[in-house]
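**Q** Quick one, fold the following:
(one chain, ligands or ions: 2)
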Amino acid sequence: MISTTPSPAAFTASGPLTGRVRVPGDKSISHRSLMLSALAVGRSTVRGLLEGEDVLATAAAMRAMGATIVRGDDGVWTIHGVGVGGLLQPQAALDMGNSGTSTRLLMGLVASHPITATFTGDASLSGRPMGRVIDPLGLMGADITSSPGGRLPLMVRGMCPAVPIEYRLPMASAQVKSAVLLAGLNTPGITRVIEPIATRDHSERMLTGFGADLTVEIDSDGARVISIRGEAELKPQDIVVPGDPSSAAFPMVAALLVPGSDVVIENVGINPTRAGLIEVLQAMGGDITLINERVVGGEPVADLHVRHSPLNGIEVDPAIAPSMIDEFPILFVAAALANGRTVTRGLEELRVKESDRIALMAQGLAAIGARVIEAEDGLIIDGTGGEPLPGGAPVAAKLDHRIAMSFAVAGLVSAANVMVDDMTPVATSFPQFASLMTSLGAQIS
Ligand SMILES: O=C(O)C1=C[C@@H](OP(=O)(O)O)[C@@H](O)[C@H](O)C1
Ligand SMILES: C=C(OP(=O)(O)O)C(=O)O
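**A** Residues are numbered from 1 along each chain as shown. Ligands and ions are numbered 1, 2, ... in the order given. The predicted structure follows:
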């Protein structure tokens, strides 16, 4: 898991960023590909898996519960699954590291198996709320004992057979939705999740691809109603994971901001439930062209051609937030260089990610000279109109990969260095970040 020795780095104003790059595999899809392959009967393969710490935590947990998961020298992962209902009792606590997705989705799987598992994590993950999955999984019959406030460490004693429920999501969360659907896989009858606000739909797509009986309907209020029939039998698959749009966001914004830049980012997932940032940046005036659009492994993919462009401030519609929920930190950096005011609202969920992303971005941006006002549910930012930020201050990443990468990009458009106190968290989702940015021409020391 994350090394305890901090690794600071300084990011400096750079010349134009140019070249063609590929970002690593999508983190959300990588987690799900390992989990569902581990529950299929037989041999699945996964190409393009993100080999970041979060996904490796999922792999280790699925191994601890009986699946065989092996990485070939060619980078292809092979998984022999145990079958739905076949997860084994893990012999030790499952260490989830920094990964909320691993924790919440695996709690769902354990909840309907006749096993007990303890979940632990790092300081960041141990501060995040798990009540949002404890509640529905408890309704299904799982017995969950948590640390105060519904925090890790916690223990899930599964119920088998579990009770199918109909659950209306109280917040827009793909992790909560997925936890209930995954619990429903080994639950007799129909488990139903009602999602008033659509979130990323990778679980639905992949469960269907593995042969689960899953339907999605839209009710009279416009909510998505997702129904899964347990006890499912999953058929092994050969999966190709597209590049992660949440990782592509960093070179994309950097190319828009650094004068003279011209970059192609190949093979990026553009699933509409994930592509909100592209839409917002284009509305701000960003020159982003989608080329070579195609479907890879059941997911829409394109190459992104990005050229430096002056950006204008914007009022971001809160309705688009779920489709770019992890991209707000880097959008705030883009807004800090835009012409005029950017207003974001409806982002309460950002306060319970790896860090409080509203507070940390407000503090860090102010420290490097941006004009920013912190509201309860978002930031208001008055941009420089394309002038570099002053920079020259250290910023704290607080075990949050996206905060670290956002301030790294801010350093590329600052008059004086931006020193990020610790870049190690980047290994959770984008281990190649520094080398990829350097290959485009970024200055890092
Ligand atoms: O389901 C997923 O893979 C994810 C869902 C989102 O979390 P929430 O469900 O908490 O919104 C997102 O922030 C996270 O990075 C990945
Ligand atoms: C919120 C994130 O991940 P997780 O919830 O899996 O830790 C993220 O990657 O930005």
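**Q** hey, let's count contacts and neighbours off CA atoms from now on
**A** Noted.
**Q** looking at it, V216 is touching R224, isn't it?
**A** Yes - applying C-alpha atoms under 8 Å as the test, V216 and R224 come out as touching, 6.5 Å apart.
**Q** Between these two, tell me which one has more neighbours.
**A** R224 (20 against 14; other C-alpha atoms under 10 Å).
**Q** wait, the more buried one sits on A198?
**A** Yes - with contacts defined as C-alpha under 8 Å, R224 counts as touching A198 at a distance of 6.9 Å.
**Q** Would you mind confirming that G52 makes contact with S429?
**A** Yes - applying C-alpha under 8 Å as the test, G52 and S429 come out as touching, 5.1 Å apart.
**Q** Compare neighbour counts for the two and give me the winner.
**A** S429 (25 against 20).
**Q** Could you measure from that one over to L94?
**A** 19 Å (C-alpha to C-alpha, to the nearest Å).
**Q** ok, the nearest residue in space to R157 that is not next to it in sequence - contacts?
**A** The shortest distance from R157 to any non-neighbouring residue, by C-alpha to C-alpha, 6 or more residues apart in numbering, is to T116 (4.3 Å). Each residue near T116 by C-alpha atoms under 8 Å, 6 or more residues apart in numbering is listed here: 89-90, 110, 155-158.
**Q** From these, keep the buried residues only.
**A** Buried members of the contacts of T116, counted by 16 or more other C-alpha atoms under 10 Å: 90, 110, 155-158.
**Q** Among those, which are located in strands?
**A** 155-157 (DSSP state E).
**Q** I'd like those as TSV, with pLDDT and distance to ligand 2 appended.
**A** Formatted as TSV, those follow (pLDDT from 0 to 100; distance: C-alpha to the nearest ligand atom, whole Å):
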residue	pLDDT	distance to ligand 2
M155	98	19
V156	99	19
R157	98	22
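**Q** I'd like to know which elements the helix or strand bottoming out on mean pLDDT in the chain is packed against.
**A** Of all helical and strand segments in the chain, the minimum by mean pLDDT, DSSP states H and E falls on strand 443-444, at a mean of 90. Contact analysis of strand 443-444 by 3 or more C-alpha pairs under 8 Å, 6 or more residues apart in numbering; DSSP states H and E lists strand 9-12 as its packing neighbours.
**Q** Tell me which residues are up against the strand it packs on.
**A** Contacts of strand 9-12 (C-alpha under 8 Å, 6+ apart): 408-423, 442-445.
**Q** Return only those of these found close to ligand 2.
**A** Near ligand 2, judged by C-alpha under 6 Å from any ligand atom, there are no entries from the contacts of strand 9-12.
**Q** The closest residue to ligand 1 within the stretch 201-350 of the chain - nearest residue in space that isn't next to it in sequence?
**A** Residue nearest to ligand 1 within the stretch 201-350 of the chain (C-alpha to the nearest ligand atom): D326, separated by 5.3 Å. Nearest residue to D326, sequence neighbours excluded (C-alpha to C-alpha, 6+ apart): S246, at 6.6 Å.
**Q** From the contact counts, what lies against whatever helix or strand that neighbour lives in?
**A** Here S246, judged by DSSP states H and E, is contained in helix 245-257. Helix 245-257 is packed against strand 262-269, strand 299-307, helix 328-337, helix 401-412, with contacts defined by 3+ C-alpha pairs under 8 Å, 6+ apart.
**Q** For that helix, which outside residues touch it?
**A** 16-17, 23-24, 26, 261-263, 265, 268-270, 274-275, 277, 286-287, 306-310, 326-327, 330-331, 334, 337, 386, 405-406, 409, 412-413, 429-430, 437.
**Q** what stretches of the stretch 51-200 of the chain score poorly on pLDDT?
**A** For the stretch 51-200 of the chain, no stretch has pLDDT under 70.
**Q** next one: phi and psi at the closest residue to ligand 1 within the stretch 1-150 of the chain?
**A** The nearest approach of the stretch 1-150 of the chain to ligand 1 comes at S28, 3.8 Å away (C-alpha to the nearest ligand atom). Main-chain torsions, S28, degrees, to the nearest 10: phi -60, psi -40.
**Q** isn't it right up against H202?
**A** Yes - between S28 and H202 there is a contact at 7.4 Å, judged by C-alpha under 8 Å.
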